[in-house]
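Enquirer: Just to be clear, the model below is a prediction. Sequence and coordinates:
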Amino acid sequence: MSLLSCHNLSVGYGGVKILEDLNFSVERGDYLCILGENGAGKSTLMKTLLQLLPPEGGTIETGDGFKRDELGYLPQQSAIQRDFPASVREVVLSGCLNRCGWKPFYSLREKALARRNMERMEILPLAKRCYRELSGGQQQRVLLARALCATKKMLLLDEPVAGLDPAMQVSMYHVIEELNRKDRITILMVSHDFEAALTYASHILHIARGGSFFGTVAAYRASAFARSFARRRGEA
Amino acid sequence: MIDQICQYLSFPFVRYALIVGVLVSLCSSLLGVTLVLKRFSFIGDGLSHVAFFAMAVAAVLRFTNNMPVILLITTLAAVLVLSGGRRMKLKGDAMIAMLSVGALAFGYLLMNLFAKTSNLSGDVCGTLFGSTSILTLGPDQVWLCVGLSGAVLAFFLFFYHRIFAVTFDEDFAQATGVRARAYNQMLAVIIAVIIVLAMNLVGALLISALIVFPALSAMRVFKSFRSVLICSAVLSVACSLAGILTSILWDTPVGPTIVAADIAAFGLFSAAGLFTGKGSS
């Protein structure tokens, strides 16, 4: 049984379908990269998988004992967060909320978890700083630490390296790879970084209006999708 | 002046006004932080006009106790705007603008056509600007206010972390299994409760000031959510106390005096924010 499987899934906004007939499944420990042109519907698909948008058709099934509150999510930074008065610690701790049940306050266990994830992202010295005063890379690490607090089995990332400098991008990919290999966390990543996707992922979902590809990285390399995508990127 | 204040404090109506003033400003400032950060600064204004409309309806129907009607109508409008806004074609701010103007117009129309009162403009002015109604509160109204504010404060205390999560990033909260929509609905109900409470204090028009100013002032200087909340609450209570005492001593209208105090505090905090270099946006 797959953690997540989609059958004939269509996604879009308010009755308008952007993508149709997606079929793919995610097994435990997979590293799936979702590729596609700008405007192909990558973020819409992500929001549908997160149940922030209803599917416009088809089904999303969860299995293998996977529950909705066992996933973490790294969103693209929205404008609303940029001027928000919040300390780094407050932001990271808020990722633990789905472990709290009906408890009104965080217990020592959740505070320790937040601390561990801040250490892991090397932002513990920033804990008392204001989130909005950090650099883009630091903010991204804060949001990833928050996502890790919420993650038990699966982590969804929407353009995790967008806006980061090259060195930060590499370290971000290493962190994600380590989560996948060592902690056996299933990764779903939306990206337009073609090279990195082929390097790190185990599976590729390439979405396009005319039809989509889903399979392992090796199968993807051999497909016409990869060749045409690479060629178009070369021209651009 | 101290003697004069002590003398006034011996009147029950002054004590009632102070109790209600402190409670309402405390609740509205806490809620204000969330609303300002969720880009809903104007919802207080819109809903207060709906409350004015509800008051007109209650007056036309000759209800002696108009509180339940006002609460019901305002709550419905709040839920509609805050949770329905997402799905509708109309944007949130356009929706609030429509609701606000429409409710004000229909409220006044109703009062004009049906209300049998000799002092219509006085009534309308009192409802909108709060004139002296806070000085005419009875014990039962004070107890109602104490009960409702207690409920609001308890909600804030118990759901503090959830309110933070839903305010900071609603999508993340919803996606990771926190029931963000449910908390939004609860916030909508609370907004309605606070607005109906605050109408007695500053009147329908000036409620926005109670909601927005303390939060914005606190954000000039403080940088974490908790410190902003605490500062905003303390500041709001202080300004309301100062405003009520001033208005009693020098016989100025209560609502506008409180708002003037809030604006003065905003000026001070902005200066402090510039001076310490902490205040950004």
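Expert: Yep, that arrived. Numbers count the residues shown, from 1 in each chain, chains lettered A, B, ... in the order given.
Enquirer: so where's the chain shaky on pLDDT?
Expert: No chain was given, so I picked chain A. A:78-82, A:229-236 (pLDDT under 70).
Enquirer: um, chain B though
Expert: B:64-65, B:83-92, B:115-136, B:200-202, B:205, B:277-281.
Enquirer: Show the residue spans covered by the helices in it.
Expert: Assigned by DSSP state H, the helices in chain B fall at B:2-9, B:12-37, B:43-60, B:67-84, B:92-114, B:120-129, B:139-158, B:160-168, B:170-175, B:180-202, B:207-221, B:225-250, B:254-276.
Enquirer: which one of the ones you listed lies closest to A:Cys100?
Expert: helix B:160-168 (7.5 Å; C-beta to C-beta). (C-beta placed from N, C-alpha, C; glycine too.)
Enquirer: Chain A against chain B: which residues are in contact?
Expert: Contact residues (C-beta under 8 Å from any C-beta of the partner chain) of chain A with chain B: A:47, A:50-52, A:67-73, A:75, A:78, A:80-81, A:83-87, A:90-91, A:93-95, A:97-98, A:100, A:104-106, A:128, A:130, A:132-133, A:146-147, A:150, A:156.
Enquirer: ok, A:Met46 - contacts?
Expert: Contacts for A:Met46 were tallied using C-beta atoms under 8 Å, 6 or more residues apart in numbering or on different chains; they are A:34, A:156, A:158, A:188, A:190.
Enquirer: from memory the first one sits against A:Lys42, does it?
Expert: Yes. Under the criterion of C-beta atoms under 8 Å, A:Ile34 lies in contact with A:Lys42, with a separation of 5.5 Å.
Enquirer: so who does B:Ser28 touch?
Expert: By C-beta under 8 Å, 6+ apart, the neighbours of B:Ser28 are B:44, B:194, B:198, B:207, B:210-211, B:214, B:236.
Enquirer: ok, 7 Å please
Expert: With contact taken as C-beta atoms under 7 Å, 6 or more residues apart in numbering or on different chains, B:Ser28 is in contact with B:194, B:198, B:210-211, B:236.
Enquirer: For those residues, pick the one with the most neighbours.
Expert: For the contacts of B:Ser28, counting by other C-beta atoms under 10 Å in any protein chain shown, the largest number of neighbours falls to B:Ile211: 34 neighbours.
Enquirer: so which of the helices of chain B comes closest to A:Leu9?
Expert: A:Leu9 lies closest, by C-beta to C-beta, to one member of these: helix B:170-175, at 17.1 Å.
Enquirer: Point out the other helices and strands that that closest one packs with.
Expert: helix B:180-202 (3 or more C-beta pairs under 7 Å, 6 or more residues apart in numbering or on different chains; DSSP states H and E).
Enquirer: So what's the gap between the helix it packs on and the chain middle?
Expert: How far helix B:180-202 lies from its chain's middle: 8 Å, per C-alpha atoms, centre = their mean, to the nearest Å.
Enquirer: ok, and does that helix reach over to chain A?
Expert: No. Applying C-beta under 7 Å from any C-beta of the partner chain, one finds helix B:180-202 separated from chain A by no less than 9.7 Å.
Enquirer: just the angle between that helix and helix B:254-276, please?
Expert: 120 degrees (axes from the mean of the first three to the mean of the last three C-alpha atoms, to 10 degrees).
Enquirer: Go through helix B:180-202 and flag the buried ones.
Expert: For helix B:180-202, the buried set under the neighbour-count rule, 16 or more other C-beta atoms under 10 Å in any protein chain shown, comprises B:180, B:183-184, B:186-202.
Enquirer: For that helix, output the C-alpha coordinates as CSV.
Expert: Listed next in CSV are the C-alpha coordinates belonging to helix B:180-202 (Å, rounded to 0.1, in the frame of the first residue of the first chain):
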residue,chain,number,x,y,z
ALA,B,180,-7.4,26.3,11.0
ARG,B,181,-10.8,26.9,9.5
ALA,B,182,-12.5,26.1,12.8
TYR,B,183,-10.3,28.6,14.6
ASN,B,184,-11.1,31.2,12.0
GLN,B,185,-14.8,30.7,12.7
MET,B,186,-14.2,31.1,16.4
LEU,B,187,-12.2,34.3,15.8
ALA,B,188,-15.1,35.6,13.7
VAL,B,189,-17.6,35.0,16.6
ILE,B,190,-15.2,36.7,19.0
ILE,B,191,-14.8,39.7,16.8
ALA,B,192,-18.6,40.1,16.7
VAL,B,193,-18.8,39.8,20.5
ILE,B,194,-16.1,42.4,21.1
ILE,B,195,-17.6,44.8,18.6
VAL,B,196,-21.0,44.7,20.2
LEU,B,197,-19.3,45.2,23.6
ALA,B,198,-17.2,48.1,22.3
MET,B,199,-20.2,49.8,20.8
ASN,B,200,-21.2,50.8,24.3
LEU,B,201,-17.8,52.3,24.9
VAL,B,202,-16.7,54.2,21.9
